[in-house]
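1. here's a sequence, model it:
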Amino acid sequence: MRSPEIGGRDITLDVHAIDTDGTEFDVEVQGSSEGAHVRRTRFHSAVMDSRMLKEGDPFKVLKDSYGVFFYKHDKFGQGLPMYHVDRMVLETGKPFEDGSHIIYVNGKYEGDDEIGKLIEDFHAKTSESMHFKLLADGLHHFKETEEGRDIVCESVRKYAEKQSQKSAEESRINTLIQNVKVLMKNASFTLDQAFSNLEVSDSDRAIITRQLQK
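-> Below is the predicted model:
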């Protein structure tokens, strides 16, 4: 998901799903401790929320969002299969019910239930050893067949190309911003005069103006 700000941090979702009622789900499979930092879930939720409303939409139509993090360790060390995180009013102890939900899944849970079997599937090396057919079929296709591996390779190539283009565009805009600042400071140009001198396009003018107003 792209940040609305030039130079802002984007997020790449492992799985992004939307329910029939508009509820959005971000499912992440996370190994490192840094990647599972609690403030990451806050940022992911914020980016998802920022894309839900169009200009003029009332806030009450904002749909629920779920950030689900499969973490290889027991994040909170209590031996539970999952940990649900919702906001609450501290003074009353009652749920705030703003529609934002975070779930941490304990990747070391080994219970003999559906969650335990699901986590076991996430650690499986081959499709034959998996419990859930849907996951097994997906693993078999994308990892164990030539056609599936080709699809994955092509997706990785396209992602790398997209990231390269994004980086080049950000660099171009940042260079223009620096040139505008130099003209305004050293030549006492107004913003419009700097734009005209550098022959900045209308679309770039709007982007640069927003950045300078921060």
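2. what helices or strands is the top helix by length along the chain leaning on?
-> If you go by DSSP state H, the chain has its longest helix at helix 146-186. If contacts are counted by 3 or more CB pairs under 8 Å, 6 or more residues apart in numbering; DSSP states H and E, helix 146-186 sits against helix 133-144, helix 191-198, helix 202-212. Backbone N, C-alpha and C define where each C-beta goes, glycine included.
3. tabulate the ones you listed (TSV), appending distance to Asp49, mean pLDDT and mean neighbour count.
-> TSV is the format used below for the helices and strands packed on helix 146-186 (distance: least, CB to CB, whole Å; pLDDT from 0 to 100; neighbours: other CB atoms under 10 Å):
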stretch	distance to Asp49	mean pLDDT	mean neighbour count
helix 133-144	29	90	14
helix 191-198	32	91	15
helix 202-212	20	87	14
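4. closest to Lys72 out of these?
-> Closest of the helices and strands packed on helix 146-186 to Lys72 is helix 133-144, at 17.2 Å (criterion: CB to CB).
5. name the helices or strands packed onto that closest one?
-> Packing contacts for helix 133-144, counted by 3+ CB pairs under 8 Å, 6+ apart, involve helix 114-122, helix 146-186.
6. cutoff 6 Å now
-> The helices and strands touching helix 133-144, judged by 3 or more CB pairs under 6 Å, 6 or more residues apart in numbering; DSSP states H and E, are helix 146-186.
7. now do stretch 84-101, average pLDDT.
-> The average pLDDT for stretch 84-101 rounds to 95.
8. quick check: end-to-end length of that stretch?
-> Taking CA to CA, to the nearest Å as the measure, stretch 84-101 stretches 7 Å from start to finish.
9. same check, this time on stretch 52-66
-> 13 Å.
10. reformat the helices and strands packed on helix 146-186 as TSV; add distance to Asp57.
-> As requested, these are exported to TSV (distance: least, CB to CB, whole Å):
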stretch	distance to Asp57
helix 133-144	34
helix 191-198	31
helix 202-212	21
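11. which of those helices sits closest to Glu169?
-> helix 202-212 (9.9 Å).
12. show me the domain layout of the protein.
-> For the chain, the structural domains run 15-109, 171-212, going by automatic domain parsing.
13. out of the ones you listed, flag the one nearest Leu118.
-> Here domain 15-109 is closest among these (CB to CB), at 8.3 Å.
14. re earlier: how far away from the center of its chain is the longest helix of the chain?
-> Taking CA atoms, centre = their mean, to the nearest Å, one finds helix 146-186 lying 17 Å from the centre of the chain it belongs to.
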